[in-house]
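Colleague: I'll drop the sequence and a predicted model, then ask my questions.
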Amino acid sequence: MAKKSVSLATFLGMFIIMAAIVAFILSLAALKTAEELRIKIDELNKQLNSSYSEFTTRVENEVDSLKSIITGGGLVEKFIIASEFLESFENDLDALFTELQKTPDRPYFRIFVTGKDDVWIGFKMNKNETKYTYQKIFSPGLSQEKFFYFKPPELETTYTITLSKDAYIRVAKPDSVYLIFYGFNSGKLVKMPSIEVTDISEEFNLYIPGE
């Protein structure tokens, strides 16, 4: 009976030792797997960071290219103006004098209507005015008018409209209306966010000297 007890104890002891050895080996394998996984994750992070850096650099370059195109006197404005002059403004001296004005310190914006339908747009000096300073049904394309919001134009024509830095705008179809801002050797293209803008400087984050 004593001999059987010794054999059982020996068996249990060997089993415990073997189990410990197996557990140790499994833990080493788990550590190795975890290290391999960490290395793979680090490599993936490096690839993602590299791809993100390349993407952001490409986007920044494309944005810079777009800015150079839409700035005052840029390619977009020149192309639209040239094509519309050929169609409509050949004998319009007012339009000619309006376009000849290139004064970076007198910022202005123009209206661009997309689609095929005409759009009514009204302008006030500010949101508290009861009467519209200027209103018109605009045809698709670039407006003949230049809307000066900081300083008046050097030469007044039928196409130069003087507003204020906190001018109010209301449109019938905001999805079809864009504003192209020029001034201080820069440009900005924005879409009407809704049927009305109560303050153009605040809404479109315009640069106003002294503020």
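Modeller: On my side now, so go ahead.
Colleague: Buried ones in stretch 184-191, by neighbour count?
Modeller: Buried residues in stretch 184-191, counted by 16 or more other CB atoms under 10 Å: 184, 187-188, 190. The way it works is simple: take the backbone N, C-alpha and C, and place the C-beta from them, glycine included.
Colleague: Could you dump those residues into JSON lines and include distance to V177 and secondary structure?
Modeller: JSON lines is the format used below for the buried residues of stretch 184-191 (distance: CB to CB, whole Å; DSSP: H, G, I helix; E, B strand; the rest coil):
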{"residue": "F184", "distance to V177": "23", "secondary structure": "coil"}
{"residue": "G187", "distance to V177": "17", "secondary structure": "strand"}
{"residue": "K188", "distance to V177": "15", "secondary structure": "strand"}
{"residue": "V190", "distance to V177": "10", "secondary structure": "strand"}
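Colleague: mind listing the helices for this structure?
Modeller: For the chain, applying DSSP state H gives helices covering 2-70, 75-88, 93-100, 200-203.
Colleague: For the closest residue to S194 other than its chain neighbours, which residues are in contact?
Modeller: Spatial nearest neighbour of S194, excluding adjacent residues (CB to CB, 6 or more residues apart in numbering): P174 at 5.6 Å. When contacts are counted by CB atoms under 8 Å, 6 or more residues apart in numbering, P174 is found next to 191-195.
Colleague: I would like a PyMOL command selecting only the buried ones among those, please.
Modeller: Command for PyMOL that selects the buried part of those, burial taken from 16+ other CB under 10 Å:
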select buried, resi 192
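Colleague: In stretch 103-115, which residues are buried?
Modeller: Neighbour-count burial for stretch 103-115 flags 106-113 (criterion: 16+ other CB under 10 Å).
Colleague: List the contacts of that stretch.
Modeller: Against stretch 103-115 from outside (CB under 8 Å, 6+ apart): 72, 80, 119, 121, 138-143, 145-154, 176-185, 200, 206-207.
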